[in-house]
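[1] turn this into a model:
(chains A, B, C and D)
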Amino acid sequence: MVSPVYLIAGALGFAFLYPVFEAAGRRVGRGAATAAIAVFLAVTVAWILGLAAGGGPIVSHTAGFAAPLSIDLMVTLTDAVVLTVINTVALFGFVAMAFRRESGWMGKQVVLFFVLLVGSYGLVMTRDLFNVFVFMEISGIAVFGLLGTSRDGRAFEAGFKYMVASALASIFFLIGVAFVYRSVGSLNIADINGSAHLFVDGTAVLALVFLTTAILVELKPAPANGWALDIYEAADPGLSALLSAINATAMAMVLTRVLPLLDPRLLAVAGVAAFAVPHIQALRQESLGRMLGYSSVAQVGLVVLALSVGAPGVPFAGIALPAAIVLLLNHALAKAGLFWIASALRDDRTGSGEAPERAWPASLRGRPVALIAAAMLALALLGLPPFPGFWAKWNVVTTLGASQSYVILAFVLGGSLLEVVYIMRWLVGVSRSPGDDATTVAERIPADFAAPDDASGADADEEGEIAGAGVAVAQEGEIVGAGAAVATVAAALVLLISGLMAGWGAGVGVPLFIVAGALIAFALLDAVWIPVAVQAVLAVGGVGAYTYLLVPRLAGAPLVFALLFGAGGAVQMIAFLSGPARRPGLVSLTTAMIAALLGLTWADSPLALFVLWELMTISSFLLVLRGHRGAAGAFRYIVFSLGSAFLMLAAFAVSNLQLFAGGFGAAAPGPGEAIASLAALGRAGSISVLLLALAILTKLGSVGVHLWLPAGYAEAEDDVSGLLSSILSKAGVFLLFGGALIFAVPLTPRIGIDSLLGWIGVATAIAGAMMALFQEDIKYSLAYSSMSQVGYIVLAFAIMSHLGWVTGLYLSITHMLFKGMLFLGIAGVVSRTGTRLMYQMGGLIKRMPFSFISVLIAIIAVSGVPPLSGFGGKWLLYSALLERGWYLQAALALFSSGVAFLYLFRLIHTIFLGQRKAEHDAVREAPLAVLIPQYLFIVAIMAISMYPNVIIKPLQTAIEPILAGAVSWEGYAVITSLGYWNGNAVMYVTMGVFIAPLIWLLVVKGRVYRVEQFNIVYAAERPHTPQSTHYAYNFYGHYKKAFGRLTEPWIERFWNAVVDLTRSTSHVFRSWNTGNPQTYAFQIVLYLFLVLLFFRGVVL
Amino acid sequence: MTVLTKAFYTLVSLVVITVYSLLLIGTMARVRAKAQGRIGQPAYQPFIDIIKNNSLRTGVSHGVMFFLGPVFRLAGGLGTYLFIPVIFGSAVFANFSFAGDLLLVMYFIFFGQLGMALGAGESGHPYTAIGVARGLAQMTAFELPFALSVIAVAAQHGTLSITEIVAAQQGGVANWVAFTNPLAMIAGMIAFLGMSGGNPFSVVLAPQEIPIGPPTEMQSSFLGMLQTNRAIFNGAKMVLFMNLFWGGAAHESLIVAILIMVAKTFLIYLYVTIVGASFPRFRTEQSIRFFIGVPTVIGVIAVVLQMV
Amino acid sequence: MIKRVFALALIVVVAFFVFPLFAGIGERTDLGPVATAYLEEGARALGAANLVTAVVVTYRGLDTLGEVTVLFAASAGVALVFGTLARRSQVERRRRPPSELLETGASLLLPIIATFGVFVFVHGHLTPGGGFQGGVVVASGVLLSFLGGTLTHTPHRLLGALETVAGAGYVAIGLLGIWLAAGFLDPRFLPSGEIGSLFSGGAIPLIYVLVGVKVGAELSGVIDAMRHRSDVS
Amino acid sequence: MTQGLIILSFALMAIGMWGLMSRRHLIRIIIGFSLVDTGVHLLLVAVGYRESGTAPIVSDRLPLELLARRGVDPVPSALVLTAIVIGLAVTALMLSFAVRMYQRTRSIYIDKNKELRW
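    Numbers count the residues shown, from 1 in each chain, chains lettered A, B, ... in the order given. As a prediction, the model looks like this:
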């Protein structure tokens, strides 16, 4: 294999000779440079292959002497991987910078770039402490030089600060080196690491204090890192990419070299601070570069933390070093890619500005490649599956949990959530629909009259609002050069492929690949302009086939949910057959979401479960984001969802992964063992269950954490909302049931988690129904209705009895049916009328009779009016509640179901009845493709209503293994300890009492004249307009008045206060970075002081 | 029991309740008139109204749903009645109570209301919508104390079956829920005022009092059906409350049992009428606040007492 | 003001914690293993009289290569920092001409300084001094001639060519060490000669010459960049 | 001697740090840095000292045989050589950045040159 020294000699030689190449022409120079990097890359790849095949690390002695005498260069497998990534980023980065249209790199810039490479290679390969210093300075000075060429004049100020800081770090390093040499008598790192016994006296303390501080400061640790952010803000984003990816990676490798000298506790504390603080500070960044900078320093902090986890003296050494390396590499590629996008976008806004339009970045819609790359990179950066960072983070987090480092765990997950907030805000900004000002989180009621004086535009007409919101779309030509595009896409692909491979290695291959395959396959179909209708047929077939293959492998609750996800999803996708032929990403994301949901049902390990959970979250998030005004809703959705996912992760980590043993996989231990293992964990077990419950409740949109729900469901596209509300909302329900009995674990001897769940379920049911009542926008009303219905399901689950669980499953199925129908019916209406505001509709029964029938049946079913299946759900619920003795809950549930009746009536009345508007005189019935799924569901509802045993009995058998039941059957009658219900008889009686009066009426009616619209008895006058005759707006005003302040948005206010508090906290934290290099110097010395105190045993 | 026998029994049961309820309505209208110092209509006036309306030769319809509205309404009334056992221990008056328990009855009440609301809604008359909005709003409010009291009763007797609740109250006045569980009875009876729609909770019907609105849209045989339903539905509700709180109607002799039923329901209706004659009308939000106030608290106490 | 108080307080506090740690530091009589090995073997193995040079150029040759790189990068960096400015130095501002004393002194001293510089880097393996020191001396001569007005136009091409040749040559010698001797930057592919003579130490003098040339050229470049562009306003 | 030199070097560094942290003038800040840098160089040299040692250069006064016993440690000397050059490079860049900052804001004072913050 090639000796390591050639890499350095080659890069350096090329740097010296580059002027010669450029003298032959700029193209020659660029070409030669690209080729040179490619050769370096090839060398490092060859190293990986060689080292992976076996054999020790490659060593190169310089000057013909062995290690302590001369300086050794060494490449281990890890080093080779790191170098490969550095070279990859370097190759892409160079292409991005040198091949751009304006101010592409040339001359001394290229030379300095190669010097930077030399520095990074040296940092990774050298095994001599002082040599580390030299290479540190080489990269540092190369960066300073490149900074000098930034377009932004502020780069000088930034560079100066950086120089002051890094000069201090160098000085500390030298002091450390001096004392190390005095103590050990050698500068070889292996010698030093092996001489721990020599570090005893005062000089040794000095050596370690200064060395540690220097290396940490070079890694730009918060809270002593203000200068680094100035660089990221002012530098050319292309340079920031290199800085963040190459420099930071190489420096982190230096940290790994001296790991044996460092105290893991110190690293842990430093890592936590370095990870958490920048995330807080980043929340309010209005500059993309600076925001990404904060993210970079935080990610490096995470690596430091991960290394502390793997340090010796800690019981689980050896796991975290690979994890740290993977984190490092994931970050390098993702961050570099994002910086390249930033460089191509030339749009430094992040979307967190204070201005009314919040200074959103330009939308990338219409540039699918850039958009997809941006999304992939952002997701990779956040450590979401399937990207490599996820697997590493999982490793780190579970290790932290296993070692009971709960505080660190909390910081890691909390910090990650903050990162989600600001990265996703940006992503939502760049991927929102053109015309979306990303503020829509609630319904919008246009004012009656345009308000000329009202400049804020809060109530302005919709069109005006969109035009005036300062919305920008990235224009063709704003992307500078093809280099950045190539680089970005390449980085994203590398991440994707390596992540998928990691997933294969982690044993979650098949379900993961199905999701990814669906995503990619349909995206490719989009790319070759295959119409949505064709895709939809394929997707329905695919989902059907997946479900068909899955069903024989499942039993119990997972089987129920697999059918619900698969069949429900496939049927609703039929609606995609209508509508525009080109809707990029729609089928791809929908299929991926359903595939992820189906994957959940046969996940056989917590890891697999969590991976699919996240994939489901991500794909649904992107679906919401597709909506016309979905950005703000999608943002809330993803923040809450990932918050929930992180809670879940914490739960898995804390309970040492035993949590779901009861629910999943054929070989899993039974529920009893799961409970027993939780009980063995004591308090931590209960808390982890509580966390899990909280996670699931958030995902279900329970009251208090429901803020994402209304806009999330309502602002998605019309035919997608149904899928989200009817199917996606069941994912959380699935986890409740999949978790089997663990939620029965008591929190304290007196309070059970189940009773908490129950009360939350009731509260959600009522709150959802109340909010649905006061919406004018039909989709918001239905969204809140979903919230309310899911509240019932939670309540039913919380009963923890056979009957309760049957109820929960039954409600899940029926809710899927009728909410799917309602949303699709509404989708048809909205597509024909062009409005979502109910009061703008009316009298559509004559134009859209089939939609009316479907909606009518759906609302009868939802409201629980006999004889349709909804009543079965109610009856089971109350029976179960009363059996458990939850009387108050039962009464409140009944009240809530009354409220549901209110909004449902309003829905059907204001849309289909009353007075039709003149502009709707010509609307046609909804498209056939939208009606077909609805009528399929009607058939299902009728069947369930008529023969409830067909559905309830299988549900009972599904529950039986976990909770034995006391429900008996007599023919079609279900009998519980409290009451009975014969669905079949009720159906017949209802038909009888309906048909008898009908016949009577037909007999006695005499002559009946059909009259036209407006022919009503209206005080002898003819009404003027349908608008003034249709009682629809503020339908339940009196109700609102009656409940007074109770109906005010307290929860919204609470969360707004939380946001405000976070923002002010963010400002407090970032104020620490005053912008004055002297402050930064002060901070660095203070950092030194703290490290010193640590070593003197004063701290910790 | 053959289907034919059952059909015959059902018919008997329906005829009895219809005739009785119509008479009751007429009587109470007269009682109310007396209380207000008027002479009032004859007690048989409702029969005349129904016959007249059904024999009108023309009608006006706004559409299919409008046409079906009264059918739904009547079906709702009939269904509600038919799921309640009227006379304890009588096969004739057991109706179809085997098909479902108390919960079924409570939910079937919605059936007619929904259908009627939809039918009237198709007429496009704004006052129907206003009336329905008020009615439904008020309904959710009185459902709360009603639900609480029903739950208290169900919890007290450990069953949701109306027949069994009645059975548990046999053996003397002291066994009536009204006395064994007075708080539940109070909450339930207050809720009943709202359910009946008399004063002070009659704002729902206000749009009908001037000569516009549903009754004028729904004429001829449509109105006839509505009036029939009103009788049956009222009867059903009173029977339900009688069964829940007042010991039901039970005697070895069917005639005596019917007389007991008549007496009890008459008193229940009288109570509604007296309250109605004594109080002015609430606005919608006032009645909502009223129901979620004191009656609900009473209901909660009743339920909590069952829990401890 | 408050900032200064904090700064002072911090320095004092750190000093308060650091200074006690010096208590145990005594005089050393024995050196560490590596240093001992250098002192015992170095001179003989490499034939360099100046052991510091032996360490700098050979044992820690990679450091020195890095050091050259640092200087190279700094020079490129300074050039770039000022390179983005519009070249307004074309419109030569009227500058006060150098005094006669400076002018004469500069032309008198320049040859001496240059010779001294060359001496220093050529004898780097024998006496204190070496490539850097020599290069810096040469560059100081260049600075003096700029001040004295002897040199008005910078020979950019020459400087660039010197830098390229010297840098590439250095790397080439390093590579020759791999191919002809035992390792990268091993000077022993040339005969080591007799300790103390000019032609001794293998390739060490050669390396120092190249370093000297490179450092001289680079520092001259830095001076030139600062002189020409830093006065643009 | 070693101890004294080390204390001296730290004192020098403290003075330099004080200058770095308290002066407003950019050039003075850079001078402060140079002082710290020099302090480190002094420290390095001090670390290499051995009692009554001399420069490790073979000459008439220090023949080859005595080198191992009398010569001071050559490593720190070599290190300090490198460190000086690197310090020089950093100083040069700092100065040029300071010039550019001045050209941009027309102020040589540090508190007028902190546009980037938070």
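
[2] look up how far A:S295 lies from A:S1064.
    A:S1064 is 21 Å from A:S295, where distance means CB to CB, to the nearest Å. Using the backbone N, CA and C atoms, a C-beta is placed for each residue, glycine as well.

[3] with A:L615 instead?
    Distance, A:L615 to A:S295, using CB to CB: 23 Å.

[4] residues contacting the closest residue to A:G389 other than its chain neighbours?
    Nearest residue to A:G389 in three dimensions, chain neighbours excluded: A:N330, at 3.5 Å (CB to CB, 6 or more residues apart in numbering or on different chains). Residues in contact with A:N330, defined by CB atoms under 8 Å, 6 or more residues apart in numbering or on different chains, are A:A380, A:L381, A:G383, A:F387, A:P388, A:G389, A:A392, A:L495.

[5] equivalent analysis for C:V211, please.
    C:T64, C:V68, C:F121, C:G130, C:G131, C:F132, C:G135, C:A166, C:Y170.

[6] now do the contacts for the third one.
    With contact taken as CB under 8 Å, 6+ apart, C:F121 is in contact with C:G129, C:G130, C:G131, C:Q133, C:G134, C:G135, C:Y208, C:V209, C:V211, C:G212.

[7] how many residues are close by the second one?
    Using other CB atoms under 10 Å in any protein chain shown as the criterion, C:G130 is surrounded by 28 other residues.

[8] with the one 3 residues further on instead?
    The criterion is other CB under 10 Å. On that basis, C:Q133 has 21 neighbouring residues.

[9] that one should be in a helix, yeah?
    Yes. Assigned with DSSP: H, G, I helix; E, B strand; the rest coil, C:Q133 falls within a helix.

[10] what residues are up against it?
    Per CB under 8 Å, 6+ apart, neighbours of C:Q133: C:V120, C:F121, C:G124.

[11] from C:F121, how far off is it?
    Distance from C:Q133 to C:F121, by CB to CB: 7 Å.

[12] neighbours around residue 85, how many?
    Using chain A here. Neighbourhood size, A:V85 [other CB under 10 Å]: 24.

[13] wrong one, chain D
    26.

[14] let me see the domain layout of chain A.
    A:1-126, A:128-348+A:1049-1100, A:772-778+A:792-1009 (automatic domain parsing).

[15] same list (the ones you listed) but as TSV, adding mean pLDDT.
    Below are the domains of chain A laid out as TSV (pLDDT from 0 to 100):
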stretch	mean pLDDT
domain A:1-126	91
domain A:128-348+A:1049-1100	88
domain A:772-778+A:792-1009	91
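
[16] mind putting the ones you listed into JSON lines with distance to A:L418?
    Converted to JSON lines, the domains of chain A look like this (distance: least, CB to CB, whole Å):
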{"stretch": "domain A:1-126", "distance to A:L418": "26"}
{"stretch": "domain A:128-348+A:1049-1100", "distance to A:L418": "4"}
{"stretch": "domain A:772-778+A:792-1009", "distance to A:L418": "28"}
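
[17] now do the buried residues in stretch A:337-351.
    Residues of stretch A:337-351 classed as buried: A:337-345, A:347-351 (neighbour count, 16 or more other CB atoms under 10 Å in any protein chain shown).

[18] which helix or strand in chain D has the lowest average pLDDT?
    Every helix and strand of chain D was ranked by mean pLDDT, DSSP states H and E. The lowest is helix D:64-70, at a mean of 81.

[19] which parts of chain B are strands?
    Counting by DSSP state E, one finds strands in chain B at the ranges B:58-61.

[20] can you list the weak-confidence ranges in it?
    Residue ranges of chain B with pLDDT under 70: B:1, B:207-216.

[21] show me where it has its helices.
    Remark: helices assigned in chain B by DSSP state H are B:3-35, B:45-55, B:64-82, B:102-122, B:126-157, B:162-168, B:177-180, B:182-196, B:214-217, B:220-245, B:254-278, B:284-291, B:294-307.

[22] which one of those helices lies nearest to A:V551?
    A:V551 lies closest, by CB to CB, to one member of the helices of chain B: helix B:102-122, at 33.7 Å.

[23] what angle do the closest one and helix B:220-245 make?
    Orientation check (axes from the mean of the first three to the mean of the last three CA atoms, to 10 degrees): helix B:102-122 against helix B:220-245 gives 160 degrees.
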